[in-house]
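Novice: I would like to see how this sequence folds:
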Amino acid sequence: MKTQLTASSMTDCSRQPMLFQDLGSRQVVADFSGGTLSSDGGALFLRQVDNNLGLTMELARCFEDRRDARFVDHTLEQMLSQRIYSLSLGCEDLNDQERLRLDPLLAAACGKDDPLGLDRLNPADRGIALAAPCTLNRLELSNNKQSRCHKLPHDPQKVEACLLKLGVRCLPKHAEEVVVDLDAMGHLVHGMPEGRHFNAYYGDYCYLPLYAFVGDIPLWAQLRTSDKSAAEGVVPALEKIVAAIRQRCRRARIVVRGDSGFGREEIMAWCEGQQPVVYYCLGLAKNSVLIERLAPALADARARRCLSGAAQVRVFREFEYRTQTSWSCWRRVIGKAEVMAAGDNPRFVVTNLPAEGFKGQEDRERFIPQRLYEELYCARGDMENQLKQQVLDLQADRLSTHYLASNQLRLWLATLGYLLLERLRTLGLAGTDLARATVGSVRLKLLKVAAQVRVSVRRVYVQLSSAYPLQELFRLCHRRLMSLAPASG
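Specialist: Numbering: from 1, shown residues only. Below is the predicted model:
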């Protein structure tokens, strides 16, 4: 005789306790009935840094809120905080919000008056403090879809200017020199999104966004299609970046640095035509003429390697160079003649930095060929470390919407999330073991702390794990962040 199982008689396995190996005479049982717990005990640090920088406050001004205020549970600033803080905490997918919206500590960080969500307008939503994935998705898509549900469009130019303003605000006012690093990075796409194009260099369909950093600080994140060169749109970007830096650091000398993808006439001519002059140190793609000019140095390097038996030998030469048609003038070129076991490895850099240095500088030999290449130009590799943190730790390449505009917004949000973590590292962790850690390590060791949250009429009581090993570091970071002044409105 067959027994028919009904839905009511079937065991709900998702609610069953999970049994682990016994511990002596004791059973080890686990379930998800812990209540108001959070795995992100350091999330309040993000709110404190945001309060000092004014990040979500500035970003909210770039959006237009067309919703009826009578039926609004989540303010625009709270929604942006939820999205950016979640990215910073390692939850880049909107689907993650289905569970994260129940986190009372994240709700407190986002400025929710009732972190338990008992004040929601709709009785069905009470007990859920934060916005649902579909709500945040409509926020991202409001520029692309016209419907009664998409009422939060943003102005792309304002968001672009907001990132630049917030980044420049982090630069020291009295800096003598500001080095702007440029780079392009291929972000693979899947499906058939707008702007999809095959790039032979990356061997796949991708976007090719333009990034600009000053040290660890991001200033620019412009989403571009990959059917153009790395230098496409750089001059208009530099016009805005340089103007913003000069407004902040009035006496600073500005140096633009990038690889050979940016060694283009339009970029160099623009820098030379500025008053005061913008200096550049750019890679230069090798050709037969440059190799011929470097031939004596390569021969010298081969001879030195044979005589010394060294694994590699470098010889540097400086000369004036001009292309036949594309360059408007003669320019200073540094050639590196490097000979290794694998063969010759010539490289070239073009610059308008003076070999004799700047008047008044103590170190007048800073821009001689070898030091300019090894100490200044090669230092641009550190920017690639920042981009790796963007991609690996904040998933900035998760550009999975169909529309180019919403993917650009996602890129900006990920970049702002990186800026938030960078400020946390700089302001709260200077001089500690995490001062030069990646943002992923900062998140893991400082933000991912188990906490129990108790909400009463008078306070939100956060009880952090007693077994947390970095308690003194946590307290130090707290003291430093609490001493910061809030951003002016």
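
Novice: so what's Ser14 scoring on pLDDT?
Specialist: pLDDT, Ser14: 63.

Novice: Look up how far Glu365 lies from the residue nearest to Asp96 when sequence neighbours are not counted.
Specialist: Closest residue to Asp96 apart from its sequence neighbours, by CB to CB, 6 or more residues apart in numbering: Ser86 at 6.6 Å. To be clear about C-beta, it is placed using only N, CA and C from the backbone, and glycine gets the same treatment. Distance, Ser86 to Glu365, using CB to CB, to the nearest Å: 49 Å.

Novice: The two: who's more crowded?
Specialist: A direct count of neighbours by other CB atoms under 10 Å for Ser86 and Glu365 places Ser86 higher, at 27 against 12.

Novice: Now do that one against Leu136, distance only.
Specialist: Counting by CB to CB, the gap from Ser86 to Leu136 is 9 Å.

Novice: Show me what whichever strand or helix holds Arg246 is in contact with.
Specialist: Arg246 belongs to helix 234-248 when assigned by DSSP states H and E. With CB atoms under 8 Å, 6 or more residues apart in numbering as the test, helix 234-248 has contacts from 160-161, 164-165, 168-169, 171, 173, 178, 180, 182, 210, 212, 214, 219-220, 222, 252, 254, 256, 262, 264, 266-267, 270-271, 274, 278.

Novice: Narrow those residues to those in strands?
Specialist: For the contacts of helix 234-248, the ones inside strands are 178, 180, 182, 210, 212, 214, 219-220, 222, 254, 256, with DSSP state E as the criterion.

Novice: Got a quick PyMOL command for the buried subset of the contacts of helix 234-248?
Specialist: Restricted to buried positions by 16 or more other CB atoms under 10 Å, the PyMOL selection for the contacts of helix 234-248 reads:
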select buried, resi 160+164+165+168+169+171+178+180+182+210+212+214+219+220+222+252+254+256+262+264+267+270+271+278
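
Novice: Over to Asp344: give its phi and psi.
Specialist: The phi and psi values for Asp344, taken as degrees, to the nearest 10, are phi -80, psi 150.

Novice: Local confidence estimate at it?
Specialist: Value listed for Asp344 in the pLDDT field: 91.

Novice: What's the local residue count around it?
Specialist: Residues near Asp344, counting by other CB under 10 Å, number 13.

Novice: What of Ser466?
Specialist: Residues within reach of Ser466, counting by other CB under 10 Å, total 7.

Novice: Please report phi then psi for it.
Specialist: The phi/psi pair for Ser466 (degrees, to the nearest 10) is phi -70, psi -20.

Novice: just Gln312 next, same as before
Specialist: Torsion angles, degrees, to the nearest 10, at Gln312: phi -150, psi 150.

Novice: thinking again about what came up before, among the ones in strands among the contacts of helix 234-248, pick out the one closest to Asp433, please.
Specialist: Comparing the ones in strands among the contacts of helix 234-248 against Asp433 with CB to CB picks out Val214 as the nearest, at 24.6 Å.

Novice: my guess is that closest one contacts Glu177, does it?
Specialist: No. Taking CB atoms under 8 Å as the definition, Val214 is not a contact partner of Glu177, at 10.4 Å.

Novice: Which parts of the stretch 251-400 of the chain are helices?
Specialist: 265-272, 288-293, 295-308, 369-371, 381-394 (DSSP state H, counting those that start in this stretch).
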